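# Have a look at this prediction, sequence included:
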Amino acid sequence: MPNKKTDYDVIRREERTEDEHRYLYELLMRRGENVACWRMPLYSIRVNMTDEYGNEGTADAQDVFSDEEKALGFFEKLVRNLATPIDLPYVLEDEMLG
């Protein structure tokens, strides 16, 4: 059955610049009919980096948290450490195993 309704909200957005690289971090929350309990929010993370030449990379970790406090803590860790799109899956794996 196709997803009829999904709402995405940007809960938090942070932008940083260092060494001519622009980092954009977004914490997203969604509710949709395609999740087991559509009333329960799920949190995703998006990391975008643009280099000095305009080359852009993006990574998403979708629906990885159901707890807003844990999602915010992880999001702040990414921003604090200037995580790149390549870093995201490794940092997430450490978070889940740790």
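Great, that's in hand.
# Give the residue spans of this structure that score low on pLDDT.
Scanning the chain for pLDDT under 70 picks out 1-7, 32-38.
# Just the strands from it, written as ranges.
Using DSSP state E, the strands assigned to the chain run over residues 6-18, 21-32, 42-50, 56-65.
# Among the ones you listed, show me which one is buried the most.
Taking mean count of other CB atoms under 10 Å as the contact definition, the stretch among the strands of the chain with the greatest mean neighbour count is strand 42-50, which reaches a mean of 20. Bear in mind the C-beta positions are built from the backbone N, C-alpha and C, glycine included.
# So what's the gap between that strand and the chain middle?
Here strand 42-50 is found 3 Å from its chain centre; the criterion is CA atoms, centre = their mean, to the nearest Å.
# Thr58 bridge partners, please.
Per DSSP bridges, the residues bridged to Thr58 are Asn48.
# pretty sure it is touching Thr50, no?
No: with contact taken as CB atoms under 8 Å, Thr58 and Thr50 are classed as non-touching, separated by 9.6 Å.
# Next, find the distance separating the residue nearest to Glu68 when sequence neighbours are not counted from Arg22.
Taking CB to CB, 6 or more residues apart in numbering as the measure, Glu68 lies nearest to Tyr43, with 6.6 Å between them; neighbours along the chain are not counted. Tyr43 sits 23 Å away from Arg22, taking CB to CB, to the nearest Å as the criterion.
# now do Asn55
Counting by CB to CB, the gap from Asn55 to Arg22 is 11 Å.
# ok, now which ones touch Glu76?
Taking CB atoms under 8 Å, 6 or more residues apart in numbering as the contact definition, Glu76 lies against nothing.
# what's the distance between it and Pro85?
Distance, Glu76 to Pro85, using CB to CB: 18 Å.
# same thing with Phe65?
Going from Phe65 to Pro85 by CB to CB gives 18 Å.
# List the beta-bridge partners for Met29.
Met29 has these beta-bridge partners by DSSP bridges: Asp9, Tyr43.
# That one against Tyr8, yeah?
Yes: Met29 is in contact with Tyr8 according to CB under 8 Å; the separation is 7.4 Å.
# With adjacent residues omitted, what lies nearest to Arg30?
When the adjacent residues along the chain are set aside, Arg30 lies closest to Tyr8, with 4.8 Å between them (CB to CB, 6+ apart).
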